[in-house]
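[1] Got a predicted structure plus its sequence, pasted below:
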Amino acid sequence: MTIMKNLFKYIVAGACVSLLAGCGAGGGPEAELVGVYAIKKNGALKEVVKIERQGNRYIMRDKVRTPEWSEPKMQMQPVTRERWTKITTDSENTKFVGVSSDQLAIFKVPPGWQKNSFKTETGYFLFYSQGPVEAYKL
């Protein structure tokens, strides 16, 4: 009986650890967007945006005007389905993950996703005031 009690305790403890790991540092599905993104410029990839997680929020750094990463530029929030539709005008049931601020959004969608004249081969794109641009996660 003692072996069964100990086994049960280990199973419960393992389940709790797994549950906490899923809710903790890893965060929601947006955590997969953490990383460095590049765009093609004159045929070469150029790093432009870095998404980082600090605590329970996402922040963006860029290399737009300097060769080094900037200080954190903006805080980004997970994108809801309603915000997705507002940003992209996509009313389909497209599978996506995204984070956005008022000026910039980054999305992961199925590779080959298309809306109007924009199509992403990589499945990643940045969306800003000029519209969408293909992104490459490095």
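    It's in. Numbers count the residues shown, from 1 in each chain.
[2] Every contact and neighbour count from this point should use C-alpha atoms.
    Noted.
[3] Might you report the residue contacts of the nearest residue to Thr120 once chain neighbours are set aside?
    The shortest distance from Thr120 to any non-neighbouring residue, by Cα to Cα, 6 or more residues apart in numbering, is to Gly112 (5.2 Å). By Cα atoms under 8 Å, 6 or more residues apart in numbering, the contact set of Gly112 is 119-123.
[4] tell me the contacts of Phe96?
    Each residue near Phe96 by Cα under 8 Å, 6+ apart is listed here: 107-110.
[5] Repeat the analysis, applying 6 Å as the threshold.
    108-109 (Cα atoms under 6 Å, 6 or more residues apart in numbering).
[6] picking that back up, against Pro29, how distant is the residue nearest to Thr120?
    Distance, Gly112 to Pro29, using Cα to Cα, to the nearest Å: 20 Å.
[7] Val97 now?
    In terms of Cα to Cα, Val97 sits 7 Å off from Pro29.
[8] From the neighbour counts alone, determine which of the two ranks first.
    Using other Cα atoms under 10 Å, the more surrounded residue of Val97 and Pro29 is Val97, with 22 against 11.
[9] how far away is the more buried one from Glu68?
    For Val97 relative to Glu68 (Cα to Cα), the value is 27 Å.
[10] which residue ranges form the helices in this structure?
    Secondary structure of the chain (DSSP state H): helices at 2-23, 81-88.
[11] Least confident of these, on average?
    When the helices of the chain are compared on mean pLDDT, helix 2-23 scores lowest, with a mean of 37.
[12] can you tell me the distance between the two ends of stretch 111-131?
    Start-to-end, stretch 111-131 (Cα to Cα) is 18 Å.
[13] now do stretch 50-69
    8 Å.
[14] So for the most centrally placed residue in the chain, what's the pLDDT?
    The centre of the chain sits closest to Leu33, judged by Cα atoms, centre = their mean, with a distance of 2.5 Å. Per-residue pLDDT puts Leu33 at 96.
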